[in-house]
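1. With the input below, show me the fold.
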Amino acid sequence: MQKIRQIINKILSNSHKKEIFQQSLIAFSIKIIALISVYIFLVYVSNIYGKDGAGILTFSMNLLRVLSMFAVLGLRTLVLRYIWEYKAKKEEYKIVGLYKSSFVMVLISSICYLLILVFFADIIAAFFKDVELGLVFKVVWLSVPFLAILTLNISFIRGFKKISLSEFFNIPSIYIFGLIFLFISVYYLQIDKYFPLYAYVIGVFISFLVTTLYVIYKTFKLKKSKEFIKHTLSKKTILATSIPMMVTSFTFIVISNIDSFMIKYFMTIWDVWIYNIAFKIATITSFVLTTISAIVAPKIAELYWWNKMWDLKKSLEFASKLLFFGSFPILLIVLLFPEFLLSLFWEDFIEGKSVLIILALGQFVNVITGAVGFFMNTTWNEKIYRNITLFCLFINIVLNLLLIPVYGILGAAIATMFTMILNNMWAALYVRKKYSINMFYIPFLMK
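-> Have a look, this model is predicted:
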């Protein structure tokens, strides 16, 4: 007990470590709420709307996530870089212009994708050999602008260091609002297999509306009548930096979701559902990563633009230790009780046991490499990171094409695990060589 107290006192003696530690505890609590809301939502959908409703929901969420990330144009990470650059230069009022420019750019890109894709919805549905997916695609297309702008808003809220709010609207709010709609629809409307999708979209829209109003309120407070000037960076300059980040974000999302689309093409919607349930359970292993990254990302931008490289190095290495020790117990639970975890959703999901174990191992490697992506995008290494992820995407597609027809969803899991390990370790080793910063921590081998 005395030893633990000494460790905690040592952490709290450093202001940067103290902030990471305290904010991580807050974000961790919200992530627990997120997990509970997602679990209740998915179990409710499985039991009330059956295999069709659950399969349509999963397929649609993956598709919407990919499209919205493409529409956000890589601005999710870029805004953090500029917010802290402006704070370092005492030019916070420029954040107003940054939000206006970013909002307009994301809105225009989203509408462009929307107009193009709506006309091809039925053709794409025919490609997947399911004409009924035409309606699903149209609903998803219409939702892209809302989720894209919601993603942008969350980045601004993180830049304001309102971590509890950013994490609530990142996941929990969508499922909580969606559940409310589903509960109401059961009693007042006729049950339809498309209702889970409608509920998810409604959750996205409400979250978009609330976060937009909040960011406008925060930026309005920064605006000073005499001192305010239009954001000095042109949209061309913003895009020159954000496009490589967009490619990276899009590539990573595709790597995480293309297996679902390929499973749907080669197999059935039920196989997609089993795989995605296993994937969601496996991501519990990276639960700590998403929690701490929400705090570390703005901290990286802050220390980098204040040119406090020693503090940055120590903060990242401390975060890597938190990531390892926070995620390893979760990995053990997943590895020891895979059948039990799968049965919590449905007994038939037990056949995804091997898939869950493989995906969990891949997610764990993703965790122990730390916030390497945020670091590279914030420190002007976005083009290097883009090239790494593009190469890994190519490898992922080839492996999926070779393995899914032979091994089914197990082959998809192997492809995802290998690609995830390759992408993160490659980037982490690059950062270690260039900056002498360990983005991963291995006990007994590293201090």
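2. ok, and residue 40, which helix or strand is that part of?
-> helix 15-71 (DSSP states H and E).
3. Return the distance of that helix from the chain's centre.
-> 9 Å (C-alpha atoms, centre = their mean, to the nearest Å).
4. With stretch 252-264 instead?
-> Worked out by C-alpha atoms, centre = their mean, stretch 252-264 lies 14 Å from the chain centre.
5. How about stretch 325-337?
-> Using C-alpha atoms, centre = their mean, the offset of stretch 325-337 from its chain centre is 21 Å.
6. Need the residues that contact it.
-> With C-beta atoms under 8 Å, 6 or more residues apart in numbering as the contact definition, stretch 325-337 has outside contacts at 281-282, 284-289, 291-292, 341, 356-357, 360-361, 364, 367-368. In this view, the C-beta of every residue, glycine as well, is placed from N, C-alpha and C.
7. let's go with 6 Å and repeat that
-> 284, 285, 288, 360, 364, 367 (C-beta atoms under 6 Å, 6 or more residues apart in numbering).
8. What sits closest to the third one if chain neighbours are left out?
-> Just to be clear, that refers to residue 288. residue 326 (3.7 Å; C-beta to C-beta, 6 or more residues apart in numbering).
9. quick revisit: and which of the contacts of stretch 325-337 is nearest residue 46?
-> Here the nearest of the contacts of stretch 325-337 to residue 46, counting by C-beta to C-beta, is residue 284; it sits at 17.8 Å.
10. Give the helix, strand or coil label for that closest one.
-> coil (DSSP: H, G, I helix; E, B strand; the rest coil).
11. Name the helix or strand for the spatially most central residue of the chain, please.
-> In the chain, the centroid-proximal residue (C-alpha atoms, centre = their mean) is residue 290; its distance is 7.6 Å. Using DSSP H and E, residue 290 sits in helix 287-305.
12. tell me the mean pLDDT over that helix?
-> Averaged over helix 287-305, pLDDT sits at 75.
13. Take it, keep the C-alpha atoms, and write them as PDB.
-> Listed next in PDB are the C-alpha coordinates belonging to helix 287-305 (Å, rounded to 0.1, in the frame of the first residue of the first chain):
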ATOM      1  CA  PHE A 287     -10.900   0.700 -24.300                       C
ATOM      2  CA  VAL A 288      -8.000   2.200 -22.300                       C
ATOM      3  CA  LEU A 289      -6.400   3.500 -25.500                       C
ATOM      4  CA  THR A 290      -9.400   5.400 -26.700                       C
ATOM      5  CA  THR A 291      -9.800   6.800 -23.200                       C
ATOM      6  CA  ILE A 292      -6.300   8.000 -22.700                       C
ATOM      7  CA  SER A 293      -5.800   9.100 -26.300                       C
ATOM      8  CA  ALA A 294      -8.600  11.600 -25.800                       C
ATOM      9  CA  ILE A 295      -6.500  13.300 -23.100                       C
ATOM     10  CA  VAL A 296      -3.100  12.700 -24.700                       C
ATOM     11  CA  ALA A 297      -4.000  14.100 -28.100                       C
ATOM     12  CA  PRO A 298      -4.500  17.700 -27.000                       C
ATOM     13  CA  LYS A 299      -1.600  17.300 -24.600                       C
ATOM     14  CA  ILE A 300       0.700  16.400 -27.500                       C
ATOM     15  CA  ALA A 301      -0.400  19.500 -29.400                       C
ATOM     16  CA  GLU A 302       0.000  21.700 -26.400                       C
ATOM     17  CA  LEU A 303       3.500  20.600 -25.400                       C
ATOM     18  CA  TYR A 304       4.700  20.500 -29.000                       C
ATOM     19  CA  TRP A 305       3.600  24.000 -29.800                       C
END
